[in-house]
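[1] sharing a model that was predicted from the sequence below.
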Amino acid sequence: MVSIKLTITSQMQKIADEQEKKIAPLTDDLNLLESGLDSLCFAILVARLEDELGCDPFTASDDIQYPVTLGEFIRFYENAPK
Amino acid sequence: MLPSDVRSLRGILGKTSHRENNFLAGRATSIALADLVRGSSFRDRLSIFSGQSVLIATHDQLAAALALIELDGVVRQLTLCPPDLPHEYLPSVIANAGIDAIVCDRDPTERGSLGIRRHFMCTTAIKPMADCRLDRCPTEWVLLTSGTTGLPKMVSHSLGSLTAAINTSKIGEKPAVWGTFYDVRRYGGLQVLFRAILGGGSFVLSSVEESLSQYLGRLSTHRATHVLGTPSHWRRALMSPSAREIAPQYVRLSGEIVDQAILDSLRAFYPHARIGHAFASTEAGVAFEVDDGFEGFPASFVGRITGDVILKIDEGSLWVRSPGTAKGYVGREALVLADEKGFVDTGDIVERRGDRYYFLGRRGGIINVGGLKVHPEEVEAVINRHPAVRMSSVRSRRNPITGSIVVADVVLKVEPDTSNAPASTVELKEQILQVCRGALAQHKIPVAIRFVADLDVGATGKLTRHA
């Protein structure tokens, strides 16, 4: 089974290619705002992850702490209720 | 336009030439229009309707068409109940129009009395009537609008405003046989009935009891020459093998945005037909017709006066003033139909590119992607350019980052190759997205494309859009 981390990073890469964005190296401590992806890219990412992983942690909980780094973003999905 | 000395549909029938062979055809029966000049299905009961406010609430379209021909010029007010009106709205419609009597073709008690004492069963059997006066008093026509949720608006017209756009001099020597996917109880279908009557032609009406293919079969049997529908109607018709059976001289589209793909498909399908599209609404009336084979309309139409029709663009929306414009709303007089100069705001957003205006979509139908606007229709028009696509429906999907994103449901002309389905599906989606990327801003490109067998087209022939 493909890991959640790999699903997320490969989708980010794919979206960056589609949207012709230059993406920063996808390390855990990468600040999402500095990743090179804009809010439309993140909207697409969240929608595709919902389709692939069957969850949207942003809407699943009323009280969320928005992830700041890529590592937090990945854990956000890993810990999301399915 | 109505002849100056005529005040009712019967009056027109009494004057129209070629009428001997002209008919209204339903699924089960046909009516010779000539019989209506000296006969009636209501006969003695016709006088009871004099000066009354009458609701036509039949199941069958032919029964409705016959009743409204007979009652125009007799009753004070004629309200047409569309077939898909939810039952719970009927009491409001009755109250707003001050209905005295209901004309129906089924057991009148099935709906309850609705507080109306007079229910009349109508039939399609016409019997001779000795004293068949043709013109009596002008009747007010009340049509219900389509497309929005909630209680439909009730729009007041006269026979004059409803027939304002019909130019009988343009109707050919040979009597036309009209067909339409529209319902005769709505503005679009009523236009077809009036074109048939004013132009001395015939009309083949569709029926809820038959499929689209069966209706196309009947159009073929009656050799229909003029066939009208929405782009959605036509996209579905072209999916039917029976579409090959008809050979219309004139194909016309209206009621939704007409894109280049459907015009080109119809051109290829019916190479000998004249293919045109028109802009009309229940409130504004028929504003213009476009016959040059292209989507949108020439910019020269705006500000120009054609047969008393004037168009203007205000804040992106198309406004229309014409003799075909409705008089007002019934029962909700406070609602303003037209501005003080008589212009109706259609709520259809247009954009000028070069020397043409193009329709983008409805003002109320905008998808908001992180503050950027997307008209679903504009994205659909681009998707429909792909040669494998028959029709598409673009909608909003909730998104925690931008509020909404754009997704698309697509119907293909041919099912993807089943032996190689996953690969060909992925390939096709990628091709469609390529078309979108070449024509649309990033936020308008669908985030997901789903292939579906069919799309929901409502009773009005328009794609069903969900808020």
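    Structure received. Numbering: from 1, shown residues only, chains lettered A, B, ... in the order given.

[2] isn't B:Met154 right next to B:Trp141, touching?
    No. At 10.5 Å, B:Met154 and B:Trp141 do not qualify as touching, with contact defined as CB atoms under 8 Å. C-beta: built from backbone N, CA, C; applies to glycine.

[3] quick one, helices of the chain?
    Picking chain A for this. A:4-18, A:39-53, A:57-60, A:70-78 (DSSP state H).

[4] let's do chain B instead
    Going by DSSP H, chain B shows helices at B:9-15, B:61-71, B:90-97, B:159-162, B:187-198, B:212-221, B:231-237, B:260-269, B:376-383, B:421-439.

[5] tell me which residues in the longest one are buried?
    Put plainly, it is helix B:421-439. Of the residues in helix B:421-439, B:428-429, B:432-433, B:435-436 count as buried by neighbour count, 16 or more other CB atoms under 10 Å in any protein chain shown.

[6] ok, the residues you listed vs B:Val290, which is closest?
    B:Val435 (24.0 Å; CB to CB).

[7] check the gap between the closest one and A:Leu70 for me.
    Distance of B:Val435 to A:Leu70, computed by CB to CB, to the nearest Å: 33 Å.

[8] and the residue of chain A closest to chain B?
    Per CB to the nearest CB, A:Phe58 is where chain A lies closest to chain B, at 3.4 Å.

[9] and the pLDDT for the closest residue to that residue other than its chain neighbours?
    Excluding the flanking residues, the one nearest A:Phe58 by CB to CB, 6 or more residues apart in numbering or on different chains is B:Pro400, at 3.4 Å. We have a pLDDT of 85 for B:Pro400.

[10] circling back: adding mean pLDDT, mean neighbour count and distance to B:Pro376, write the helices of chain A out as CSV.
    Formatted as CSV, those follow (pLDDT from 0 to 100; neighbours: other CB atoms under 10 Å in any protein chain shown; distance: least, CB to CB, whole Å):
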stretch, mean pLDDT, mean neighbour count, distance to B:Pro376
helix A:4-18, 93, 16, 21
helix A:39-53, 91, 20, 17
helix A:57-60, 80, 16, 22
helix A:70-78, 92, 18, 30
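
[11] out of those, nearest to B:Ala273?
    Evaluated over these, closeness to B:Ala273 peaks at helix A:4-18, with 41.0 Å, by CB to CB.

[12] quick one: contacts of the helix or strand of chain B with the lowest mean pLDDT?
    Ranked by mean pLDDT, DSSP states H and E, the weakest helix or strand in chain B is strand B:118-121, scoring a mean of 83. Strand B:118-121 has contacts (CB atoms under 8 Å, 6 or more residues apart in numbering or on different chains) with B:42, B:45, B:48, B:100-105, B:108, B:113.

[13] if we go to 10 Å?
    Outside strand B:118-121, the residues that touch it by CB atoms under 10 Å, 6 or more residues apart in numbering or on different chains are B:42, B:45, B:48-49, B:52, B:54-55, B:57-58, B:63, B:67, B:99-109, B:111, B:113.

[14] for that strand, list the C-alpha coordinates in CSV.
    Extracted C-alpha coordinates of strand B:118-121, given in CSV (Å, rounded to 0.1, in the frame of the first residue of the first chain):
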residue,chain,number,x,y,z
ARG,B,118,-65.9,24.5,-11.2
HIS,B,119,-63.7,21.7,-12.6
PHE,B,120,-64.2,21.0,-16.3
MET,B,121,-63.1,17.8,-18.0
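
[15] chain center to that strand: distance?
    Taking CA atoms, centre = their mean, to the nearest Å, the mean C-alpha location of strand B:118-121 is offset from the chain mean by 28 Å.

[16] for that strand, which strands pair with it and how are they oriented?
    Strand pairing for strand B:118-121, using DSSP bridges, gives strand B:101-104 (parallel).

[17] in chain B, where is pLDDT below threshold?
    Scanning chain B for pLDDT under 70 picks out the ranges B:16-19, B:108-111, B:131-135, B:146-149, B:169-173, B:305-307, B:333, B:416-423, B:466-467.

[18] try it again at 80.
    Low-confidence segments of chain B (pLDDT under 80): B:1-6, B:15-20, B:107-117, B:130-136, B:146-150, B:168-174, B:304-307, B:332-334, B:415-423, B:466-467.

[19] enumerate every residue touching the residue in the stretch 151-300 of chain B positioned nearest to chain A.
    Closest residue of the stretch 151-300 of chain B to chain A, CB to the nearest CB: B:Ala261 (24.1 Å). Residues in contact with B:Ala261 (CB under 10 Å, 6+ apart) are B:231, B:235, B:295, B:380-387, B:389-392.

[20] in PyMOL, how would I select the buried members of these?
    Those of the contacts of B:Ala261 that count as buried under 16+ other CB under 10 Å are selected in PyMOL with:
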select buried, chain B and resi 231+235+295+380+381+382+383+384+385+386+389+390+391+392
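
[21] phi and psi next, for the closest residue to B:Gly461 other than its chain neighbours.
    With CB to CB, 6+ apart as the criterion, B:Gly461 has its nearest non-adjacent residue at 3.9 Å, and that residue is B:Thr230. Note on B:Thr230: its backbone torsions stand at phi -80, psi 160 [degrees, to the nearest 10].

[22] before we move on, back to that, distance of the residue nearest to A:Phe58 from A:Ala43?
    Distance of B:Pro400 to A:Ala43, given as CB to CB: 8 Å.

[23] filter the buried residues of helix B:421-439 down to the ones close to chain A.
    B:Leu433 (CB under 10 Å from any CB of the partner chain).

[24] flag every residue of chain A that's near chain B.
    For chain A, the residues in contact with chain B (CB under 10 Å from any CB) are A:15, A:18-20, A:38-48, A:50-51, A:56-60, A:64, A:66.

[25] what do you get if the cut-off is 8 Å, keeping everything else the same?
    A:18-19, A:39-40, A:42-44, A:46-48, A:51, A:56, A:58-59 (CB under 8 Å from any CB of the partner chain).
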